[in-house]
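K.L.:
Okay, here's the prediction I keep looking at, along with the sequence it came from:
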Amino acid sequence: MKTNISYIIVFTLSLLFSNSFSNDKPADFKKFVVVIDAGHGGKDPGKPSKTGVREKDVALKIALLIGEELGRNKEIEVLYTRKTDVFVELDRRGEIANKAKADLFISIHCNAHTSQASGAETYVLGLHRNNTNFEVAKAENEVIFLEDNYEEKYAQYNLNSPESLIGLTLMQEEFLDQSIQLASLVQDNFREKLNRKDRSVKQAGFVVLHQTVMPSILIETGFITNNEEGKYLNSSTGQKEIAHAIATAIEEYKGNVSANDFLGITKVVPAVEVKDIVSDSEVYMVQIAASSKSVEPKSYNFKGLAEITRAKEGKLYKYYYGDTSNYSDIQRKLSEAKSKGYKSAYIVSFKNGVKRKVN
């Protein structure tokens, strides 16, 4: 009888422990946040087609279907920039994602052309490599003219000049690899699972992508001006298939991200009072970006940060914020830079012309 009781106790304890480990999540568990942006809306219909299909309607239906599928995953939280036919300003779309500290920003659109062009393409933020990419971005960006005070809000943008957007790509450069990875997964699914024409992953200066500080992509799901593709995009079958292809790409991307990244696990460091520490031999700066592009070190190119220094090191231009011998001051500037979205910024010091990273 003793033996039976022991077995029962061990079996009960094993059940308790297995339930505890399977159901409990770390105290600092953070859901993987995806913001889905249905392009256009309200007074902005987007691109029209000869058959009356409107881009804003197709984009919204696909966006909601993506969110519905992702919402079944308990580790994913889905937010939308719009869930109905309303007009949302471009800077507001990015603001929604930034305030939510989103892990991904996905913007859904449809393409259009005077010919019977077809196929899907996915964009990440970058310089327009050719005139076609520039024209696509320009068409999507022109929505800003429907906004109030657009002259003031978007003073740094010249939609007619590809070169004017060089400085705007720096904020997204640290997320470029992740954005391209996700964009590639989306295009793979379109090509391999849906047998869609693959127009590849491209770069262009989309204002809506520039507003975000996380991996971000803009998907042109197809051409509503193509006779056959337009019907497909406007059909419930087509919308479900496209949404499923995008949702599975997002989940695959999430699976490729390290556990610490998507769970948001960080080490808890006790607060320490920092007194002013001044060096008589070193100068401290915050490195906020590195790029192959030369950008004017002006505050409007760096989210309002002043005291920007540019230096060429090898084939790259390095951009620094601040210039001080006070280590406590440069720590405060590091915090400020990170709050502006430069998450990978770090402190460097210069001593006798020699640069080193400061831990």
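P.N.:
Arrived safely.

K.L.:
Tell me where the stretch 201-350 of the chain has helices.
P.N.:
With helices called from DSSP state H, counting those that start in this stretch, the stretch 201-350 of the chain shows them at 207-210, 227-234, 236-256, 259-263, 327-339.

K.L.:
Return the most buried member of the ones you listed.
P.N.:
Mean neighbour count (mean count of other Cβ atoms under 10 Å) peaks for helix 207-210 among the helices of the stretch 201-350 of the chain, with a mean of 26. Just so you know, the C-beta spots here come from the backbone N, C-alpha and C atoms, and that holds for glycine as well.

K.L.:
list the helices and strands it packs on?
P.N.:
Packing partners of helix 207-210 (3 or more Cβ pairs under 8 Å, 6 or more residues apart in numbering; DSSP states H and E): helix 90-99, strand 104-111, strand 120-125, helix 131-141, helix 170-173, strand 216-223.

K.L.:
Can you give the distance of that helix from its chain's centre?
P.N.:
Remark: helix 207-210 is offset 9 Å from the chain centroid, using Cα atoms, centre = their mean, to the nearest Å.

K.L.:
what mean pLDDT does that helix have?
P.N.:
Mean per-residue pLDDT for helix 207-210: 75.

K.L.:
quick one: Gly255 from Ala249, how far?
P.N.:
From Gly255 over to Ala249 the distance is 11 Å, taken as Cβ to Cβ, to the nearest Å.

K.L.:
wait, Gly304
P.N.:
As judged by Cβ to Cβ, Gly304 and Ala249 stand 34 Å apart.

K.L.:
next one: Gly205
P.N.:
When distance is defined by Cβ to Cβ, Gly205 is 23 Å away from Ala249.

K.L.:
Ok, His210 next?
P.N.:
Computed as Cβ to Cβ, the His210 to Ala249 distance reads 22 Å.

K.L.:
same for the host helix or strand of Ala59, what does it pack against?
P.N.:
In this assignment (DSSP states H and E), Ala59 forms part of helix 55-70. Secondary-structure packing of helix 55-70 (3+ Cβ pairs under 8 Å, 6+ apart): strand 32-38, strand 76-80, strand 104-111, strand 216-223, helix 236-256.

K.L.:
got the contact list for it?
P.N.:
With contacts defined as Cβ atoms under 8 Å, 6 or more residues apart in numbering, helix 55-70 is touched by 34, 36-42, 44-48, 76, 78, 80, 82-85, 106, 108-110, 112, 221, 224, 233-234, 239-240, 242-244, 246-247, 250-251.

K.L.:
ok, Lys254 - contacts?
P.N.:
Under the criterion of Cβ under 8 Å, 6+ apart, the neighbours of Lys254 are 32, 75-76, 103, 262.

K.L.:
between those, which has the most around it?
P.N.:
Using other Cβ atoms under 10 Å as the neighbour criterion, Asp103 leads these with 24 neighbours.

K.L.:
For the stretch 51-200 of the chain, which residues score under the pLDDT cut-off?
P.N.:
Applying pLDDT under 70 to the stretch 51-200 of the chain flags residues 126-174.

K.L.:
switch the cut-off to 80
P.N.:
Within the stretch 51-200 of the chain, the ranges that satisfy pLDDT under 80 run 51, 90-91, 126-175, 177.

K.L.:
Run a quick neighbour tally on Tyr317.
P.N.:
Neighbour count for Tyr317, taken as other Cβ under 10 Å: 18.

K.L.:
now Glu192
P.N.:
Number of residues near Glu192 (other Cβ under 10 Å) recorded here: 11.

K.L.:
Relative to Ala249, how far out is it?
P.N.:
Distance, Glu192 to Ala249, by Cβ to Cβ: 11 Å.

K.L.:
same question, Arg54
P.N.:
Distance, Arg54 to Ala249, using Cβ to Cβ: 25 Å.

K.L.:
Poorly predicted segments of the stretch 251-359 of the chain, please.
P.N.:
Applying pLDDT under 80 to the stretch 251-359 of the chain flags residues 257-281, 292, 300, 315, 328, 352-353, 357-359.

K.L.:
Check the contact between Ser107 and Val35; I expect there is one.
P.N.:
No. Look at Ser107 against Val35 with Cβ atoms under 8 Å: they stay out of range, at 9.1 Å.

K.L.:
returning to that earlier point: which one of the helices and strands packed on helix 55-70 lies closest to Ala311?
P.N.:
Of all those, strand 216-223 sits nearest to Ala311, with 28.1 Å by Cβ to Cβ.
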